[in-house]
Every structure is written in C-alpha cells, then in structure tokens.
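Colleague: Please work out how this folds:
(2 chains)
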Amino acid sequence: MKALLKMPGFAIGFIMAFAFVLAALISFFWLPYAVDGVDIANKMQAPSWSNWFGTDQYGRDILSMIMMGGRTSIAVAIVAVGIGVGLGVPLGLAAAARKGGLLDEIIMRGNDLIFAFPALLIAILITAVLGASALNAIIAIGIFNIPVFARLSRGAALSLWTRDFVLAARVAGKGRVRISFEHILPNITNLLIVQGTIQFSLGILAEAALSYIGLGAQPPIPSWGRMLADSQTLVSLAPHLALFPGAAIVLTVLGLNLMGDALRDHFDPKTRRERQ
Amino acid sequence: MNLLEIEGLKLNIGAAEILHDVSLDVKRGEITAVIGESGSGKSMTAYCVNQLLPRGAVAAGHLRFDGQDMLGLDEAALCRIRGRDIGMVFQEPMSALNPVQTIGAQVAETVLIHRAAGKAEAMAIARETLNRVGLPEAAFPLGRYPHELSGGQRQRVVIAMAIALRPRLLIADEPTTALDVTTQAQILTLLKRLVAEDGMGLLLISHDLGVVADVADRIVIMRKGAVVEQGSREEIFAHMRHPYTRMLFEASSHVPARRAGAKDVPILEVRGLVRDYTLPKASFFGHAPKFRAVSGVSFALKKGESLGLVGESGCGKSTLTRAILGLEAAQGGSILINGQEVRAGHLVPRHLRRNMQVVFQDPYGSFNPRHKVARLVAEPFHLLDDAPKGAARSEAVVMALEAVGMVAADADKYIHEFSGGQRQRIAIARALIIRPELIILDEAVSALDVSIRAQILDLLAALSERFGLSYLFISHDLSVVRAITDRVLVMRAGEIVEEGLTEEVFNNPTHPYTRALIDAAPKLEELMQ
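Modeller: Purely as a prediction, here's the structure:
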C-alpha cells in the first residue's frame, strides 16, 4: 500500500474515490442536515456557508444528499462488479480449461444469450417482476457483468493455455482447476482490474439510469442518479442541483480509473522491479 | 565506390549507445554477412541503412548508399528509396505477409507504391518475380493466399516482394532462422542466385556461422555493438585473428566431453505408438476426418543413454513427446516406463510421470512471469506424494539451482531478471528437482546463442554423468544432435525412417531423407579445414 501511494496516479485516484467512499461511510453516523425533512422556505438555495453545496427543490441539503446517495451508488456498483467477477471469471476459466468441450459450449452460448438481450430492458423486467429497489438493481446490473468477465477471462486464458509454462505445470501433474487458479488467474488479474474499474463506472451509470426511470433506490433514499434526474427540469434555474451529483459521479469514476491503471502497473512484476 | 559504405556509425537510443563506430562495406553483386549473437547490434546496423529505427534512436557517422548520404535524408526521400532501391526480407514469413491479401497483390504492391507501373503491368511484374523465386504459375497462381503456402514458400513470396523492383541492395535479417534445414538450404541458394543475376548487393544478417559460411563473400563479426573482425570469407576462415571469432567458431561446432554410460536396461520403450487428431468436420453430418500425426512409432531408450530425435517441423515429434509425457492419450500401441506398460487410451499415471521431466525450447515462455524462481523450480514436487516442505523444500531448490550453476539468491528473483541462457539453466533445475531418470529436451538449445548453447550442452553432459540421467534430445539442428547423443532416430511424417548409432547414421545415412537432411545442414567443420 505504501509503495502504491508513492505512485502519483494511484494517490490522486485514491484521494478522489476515497473522499466519496469516506463521505458515504460518515453518513451512517453523522450528516450536516437530515435528508428526510422538507424545508420549502429554504428551497433551491445557492451554495453558502450554512449549506456548502446549496439546497434542492424541497430545501434539503445537497451535501447531505450526496453523502447519503454515495452509499447507494457505490454499494450497487461494487456488488454488481463483485457478482460479475465472482461468477464470470470462474465460468470463463472453466470454459477455457475445457475449450471445445460441452462445458465450454454451454457457458459461452449462455453468455451469448445474456448478451442478446438489451441490458436495460432486462433490468426493467427484473425490477418489474421483483419490485423496484436497490437490491434488484444490483441483481439486474450484476447479471450483465457476468458475460463481460466470462468472455474476457476465457479469451485471455485461452492464449495462456498454449504457453509452455502451463505445459510445464501439466508435466508436473497439476490438474486443470489448479492450473487455472495458480497460473492463469494471476496472469489475467491486470486485465480484470482494468475491466473491473470500467464495469464499476458503468455500474454507477447504470444505477443512475435505473434510478432515473424510477427502478433503482426508492424515495426517500437518495442516490446520485436520481438526484441528477430530479434536477433535470430545474437545471437552468439552479445549475448546482445537477453540478454536484454529476461531479460526484465523474470524480468517483475518474478516481477509480486512475487507481485501476496504477494497480495494473503494480501487479506487473516487470514494472515492479524497475521501480525499486 | 562501393554500393553501401558505412563508416564510424554510431547509434544512440536514449542515453544508451547501441552501436560504436561500426564500419563495413557492401559491394555490388556480393554477399556481405553480418554475424553476431543477440545484442550484438547486427539488426540495428541493418535498420540504420534504411532508417527504420525505433523511436528516440539517433544515428551519427557516415552511411552512404550509392554515394548518397542516407542519414541526411528526410522521410519522404527515404520512402522513395525503401522498397525501390533497398529491399528487405524479414525473419518470420508468417508475420511479414498480410493474411487477407493474395500473394500477387502483395508482390504487386511494392511496384504500385513506387508508381513504377500501372496495375496490369504491376501484376505482370509480380508474376515474373514469383517465377524468379521459384513459385511457377502452374502451382502458384497470383490468387493464392499466404495460409495456403508452406513456410519456405512464404519466405519466397517475401523475397519476391523485396526484389520486385530489382533493388540495388537487399537486406535479409535472419531469413532462414524460422525455416527447416532443407528449406533453409533452398532459400540460401535462391538468394545467392538472385544476387548473381541482378548484380545487387546483399546484406545478410545471421546468428549462425554455418548458415552464412557457404554463401557469404565477406564476413563481418559483431559483438556488443562493435565490429570485432571483418574480411573476405577465406581470410576470416584462414586466420580468425580475434579471440571472439575463434570462440564463435569453436562454440558453433562444440562437442561436449561425454562418457557413454548407457546400461542395457530400457527406461522408456515405445511400441507401435499411434496418435490421431480429429480434424473439423467437412459437413454437419458425416464423420470428422482424422489426421495421423504419429503412426506406429517404436523405439527404446536405455538408462543413461542420450537418444536424439531429428525431424523437420510437422513430422510429429512434439506430438510424440506429449504422449510420452502423459499429456495426451495415444490411440494405439503402448508406452513402457521402467517396464510398466501404459496402453493406448490411457494417460501415463502420476507415479510413472515422476521419472520424467521436460525442458522446452523457449526460455521466455516456459515460466509463469508472476512467480518467483523458488516457486517455479519447486513446481514438479507436485508429482511426489511426500514432497519436502518448508526448509527442506528451499534446500532442494537451492541444490537444484546450484547444480545448474546458479546461486541460492536467485531463488528470490522473478524470471524476467535473467537472460535466455540463465533461464534455460533454471528450466533444467526445474526438471532436475525431483531427480527424474529421463529428461526430454524439446529443442532445448535451439533458441540460444552459440556460446550459451555450448555452455548448456556442457552442463547437460555433466549432469547426465553426475545424476545418471537419460536424455531424449529432440531437435531440428543436426550438429547439436550429433554432439550430444549416442543414438539417433530420424522422423518424417509420423514415422521413424532411420535409427542407429549417431556417428554411423551421420557418416553412412541409408534412408534418402536422412541423406537429404545431412546434405542440407551447414557444415562448418569442412569449411574450416
């Protein structure tokens, strides 16, 4: 971690993303103002000393809303990426280990099936059947992460399976599962991390999109996506309504991407020795 | 005035000086060969000539092509010269051709780029050039694609692209390294003929003295970015003034000191082994066709013996290895390891696989870059039921590393910190660690520089004596096989065509294919005498 923080990209990204994560965590214990009360007298105030980010159309403090909303957005994105990695990567590795076999066919055709449906439409279907909530948004977004990671890890693993060091491991009597986790997985982590940060940012955006059409987190729980959607009609009157949640999304995504790039370099033993 | 005159050429990439005061000439109608090991700067010298240098490279000195100063030219002027006046042939004919274009279009492209002719005329030139490089119209129409050709035929297409406009200078960078011995000899003959016909100069870059010894008029020997010796072929061969030149010659024909210690007990016996591959189905219904990669191969390898297996690419030697190592099951015949039979359809079981390990060709690809050397070397312990743990394990790793001439501290490093030769030593340490009786060396020294190759051959000879190892030495390089083996098998199209004591087979080959192989192989010793 110390070595990581010496890399400027990681340090900047970490500070940006961690600021929002920290704010979201603090919101569990303390908020500048309560976000479930309506204070019409103070509606749409510009940023000031008492309300740093101003207030929205119901007079709620936007800073407090962003801190609360961060919980939803970040949690949805993290869990959705977790589902994608946790299920997609083992499936991809299994397909690569049994290339051309029945298992490979079943896994990859299953992936094609999921890819064949428009993601948002299925998300709407899921939330329509199971009810609109943050949990169902997580499931909907997570399902579409599975084939992304499965395809990525299968493709990368296939090229590794032809390498001599994998052959050497087979000569040493190691089985397919063991080789997949000992030799293949460590060599595709950099790809997974980079894809993970991309999917994370897409997850935040997807959550925003679902919240926008009312299928994500339900009021009064705030989320960055819904704040952005709510501010849409008022953006010419009070631009700060859109500015702050928008900036929160952009900065978190940017920070995570910077971290992802630095992590990829860090995991590569070649660049690691060069730095020392 | 010579065709190409290089004088005091320096090349810097960033802060590093890659070439130091390189001077050499290429005359019209002559072949100048530049020989060197990896990192000698031989390719960089060639790339300086047509200014195809990596980013950040700065060349200084004199480089005159036909009287014109090449270093002073701008990119547009260089583009006019490249392809028209200076042709280039690369090492890898697979990647030098565009797989989605026909060979005719690719040869004609050189002509069209330089607007030397209209489209129809360019195709006519392409046809004529392909005829000249030995790809006649009947068998090789212009509409053929690269994947329909063999490696040697592809290299002929690459040569045709380079000579289509009858350049004055041809640069060939390791043109035969990726090819089989018999193909290599044909390509060298072709290059020699083209030089004589067109009166062009040829700058031939190679790491293999044997390859160029036959064809070169002048030889330039490079080491670490500098020319150590140059002169006419006869001069170089007669005098060898520089110690490095002598070392290079000696290493190229190095024969390690070995004592024949073969016992009359077979460690490995292969009886009528058959390996079939299923090809993709031609139609949805119907049977998938089969390709027989190994058909009825039988041989025995005695304890302490070094057995050579020689054959060109695609002859089935790698497939045979995989079956012996227990990675794939055979479709017929059987494999006996220490007298225990493994029948067709079964993989060689773990307790028998313990007796065998393997060293691969590519010292770069045969290690997981994410693991440290200690873990890499200890990997075969997986085959043992009572593998040592903790301190005993590290001790075993250190012993294996020291046996191959590495030190204990190397265990804690990553593989990219080592050179190719060191990596191959580590690969041998990995094979040694569980004390197998048989090590399969699959082209284990083919990717190494000659001086390193000589060291590894010495190491293998010493280890065989010390640990009583048997070797199955698979190679396309006849001189190496001759140096390190007691007996040799010659394999062709999945069958063993000749078998016998190495010296007997090399001196009196009975099968015509063996004779062809031996005739095609470069013979350095004869030239030195």
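Colleague: what residue ranges in the chain score low on pLDDT?
Modeller: You didn't pick a chain, so chain A it is. Scanning chain A for pLDDT under 70 picks out the ranges A:1-4, A:44, A:51, A:267-276.
Colleague: Chain B was what I was after
Modeller: Applying pLDDT under 70 to chain B picks out residues B:260, B:281-282, B:284, B:524-529.
Colleague: how about the residues of chain B near chain A?
Modeller: For chain B, the contact set with chain A under Cβ under 8 Å from any Cβ of the partner chain comprises B:325, B:327, B:350, B:353, B:356-358, B:360-362, B:365-371, B:376, B:379-383, B:414, B:416-417, B:430. Using the backbone N, CA and C atoms, a C-beta is placed for each residue, glycine as well.
Colleague: and these, which are buried?
Modeller: Buried residues within the residues of chain B next to chain A, counting neighbours by 16 or more other Cβ atoms under 10 Å in any protein chain shown: B:325, B:353, B:356-358, B:360-362, B:365-371, B:376, B:379-383, B:414, B:430.
Colleague: now, which of those lie within helices?
Modeller: B:Arg353, B:Leu376, B:Arg430 (DSSP state H).
Colleague: Name the residues linked to the nearest residue to B:Ala57 once chain neighbours are set aside by a beta bridge.
Modeller: Of all residues not flanking B:Ala57 in the chain, B:Ile13 sits nearest, at 4.7 Å (Cβ to Cβ, 6 or more residues apart in numbering or on different chains). In this entry, B:Ile13 is beta-bridged to B:Ala16, B:Ala57, by DSSP bridges.
Colleague: thought B:Ile13 was touching B:Ala59?
Modeller: No. Distance between B:Ile13 and B:Ala59: 10.0 Å, which falls outside the contact criterion (Cβ atoms under 8 Å).
Colleague: who's more crowded, the two?
Modeller: Using other Cβ atoms under 10 Å in any protein chain shown as the criterion, B:Ile13 and B:Ala59 rank with B:Ala59 on top: 20 against 15.
Colleague: where's the more buried one relative to B:Ile6, distance?
Modeller: Counting by Cβ to Cβ, to the nearest Å, the gap from B:Ala59 to B:Ile6 is 10 Å.
Colleague: same check, this time on A:Gly84
Modeller: Taking Cβ to Cβ, one finds A:Gly84 at 57 Å from B:Ile6.
Colleague: Stretch B:170-177: which residues count as buried?
Modeller: Buried-residue list, stretch B:170-177, by 16+ other Cβ under 10 Å: B:Leu170, B:Ile171, B:Ala172, B:Asp173, B:Glu174, B:Pro175, B:Thr176, B:Thr177.
Colleague: how many other residues sit next to A:Ile40?
Modeller: By other Cβ under 10 Å, neighbour count at A:Ile40 equals 8.
Colleague: Let me know whether it touches A:Tyr58 as I believe.
Modeller: Yes. The pair A:Ile40 and A:Tyr58 passes the contact test of Cβ under 8 Å, sitting 7.0 Å apart.
Colleague: if we can go back for a sec, so which of the buried ones among the residues of chain B next to chain A sit within strands?
Modeller: Those of those mapping onto strands are B:Met356, B:Gln357, B:Val358, per DSSP state E.
Colleague: Out of those, flag the one nearest to chain A.
Modeller: Closest approach to chain A among those (Cβ to the nearest Cβ): B:Val358, at 5.2 Å.
Colleague: Let me have the ones in strands among the buried ones among the residues of chain B next to chain A in TSV, adding distance to B:Thr245 as columns.
Modeller: Shown next, in TSV, are these (distance: Cβ to Cβ, whole Å):
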residue	distance to B:Thr245
B:Met356	40
B:Gln357	37
B:Val358	35
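Colleague: how near is the residue of chain B most remote from its centre to A:Leu102?
Modeller: Distance from the centre of chain B peaks at B:Phe285, with 41.7 Å (Cα atoms, centre = their mean). Applying Cβ to Cβ, the value for B:Phe285 to A:Leu102 is 19 Å.
Colleague: Ok, B:Arg82 next?
Modeller: For B:Arg82, the distance to A:Leu102 equals 52 Å [Cβ to Cβ].
Colleague: the more surrounded of those two?
Modeller: In this view B:Arg82 and A:Leu102 are compared by other Cβ under 10 Å, and B:Arg82 has more residues nearby, 19 against 8.
Colleague: Once you drop chain neighbours, what's closest to the more buried one?
Modeller: Closest residue in space to B:Arg82, ignoring its immediate chain neighbours: B:Asn50 at 5.1 Å, by Cβ to Cβ, 6+ apart.
Colleague: residues contacting that neighbour?
Modeller: B:Met70, B:Leu78, B:Ile81, B:Arg82, B:Ile86, B:Met88, B:Ile171 (Cβ atoms under 8 Å, 6 or more residues apart in numbering or on different chains).
Colleague: Now do the buried residues in the host helix or strand of the second one.
Modeller: Element membership of B:Leu78 [criterion: DSSP states H and E] is helix B:75-81. With burial defined by 16+ other Cβ under 10 Å, the residues of helix B:75-81 counted as buried are B:Ile81.
Colleague: okay, it in CSV with CA atoms only?
Modeller: Provided in CSV are the C-alpha atoms of helix B:75-81 (Å, rounded to 0.1, in the frame of the first residue of the first chain):
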residue,chain,number,x,y,z
GLU,B,75,11.2,10.7,-44.5
ALA,B,76,9.8,11.4,-48.0
ALA,B,77,13.1,10.8,-49.7
LEU,B,78,13.6,7.6,-47.6
CYS,B,79,10.2,6.3,-48.6
ARG,B,80,11.2,6.6,-52.3
ILE,B,81,14.3,4.6,-51.7
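Colleague: what's the following helix or strand after that helix?
Modeller: For helix B:75-81, the succeeding helix or strand toward the C-terminus, using DSSP H and E, is strand B:86-89.
Colleague: So which other helices or strands are in contact with the very next helix or strand once past that next one?
Modeller: Once strand B:86-89 ends, the next helix or strand along the chain (criterion: DSSP H and E) is helix B:93-96. Other helices and strands packing on helix B:93-96, by 3 or more Cβ pairs under 8 Å, 6 or more residues apart in numbering or on different chains; DSSP states H and E, are helix B:151-163.
Colleague: ok, residues contacting the helix it packs on?
Modeller: With Cβ under 8 Å, 6+ apart, helix B:151-163 has contacts from B:87-90, B:93-94, B:96-97, B:103, B:106-107, B:109-110, B:126, B:129-130, B:132-135, B:140, B:146, B:149, B:170, B:175-176, B:178-180, B:183, B:186-187, B:190-191, B:194, B:198, B:200, B:313.
Colleague: could you flag which of those are buried?
Modeller: For the contacts of helix B:151-163, a burial check counting by 16+ other Cβ under 10 Å picks out B:87-90, B:93, B:96-97, B:103, B:106-107, B:109-110, B:126, B:129-130, B:132-135, B:140, B:146, B:149, B:170, B:175-176, B:178-180, B:183, B:186-187, B:190-191, B:194, B:198, B:200.
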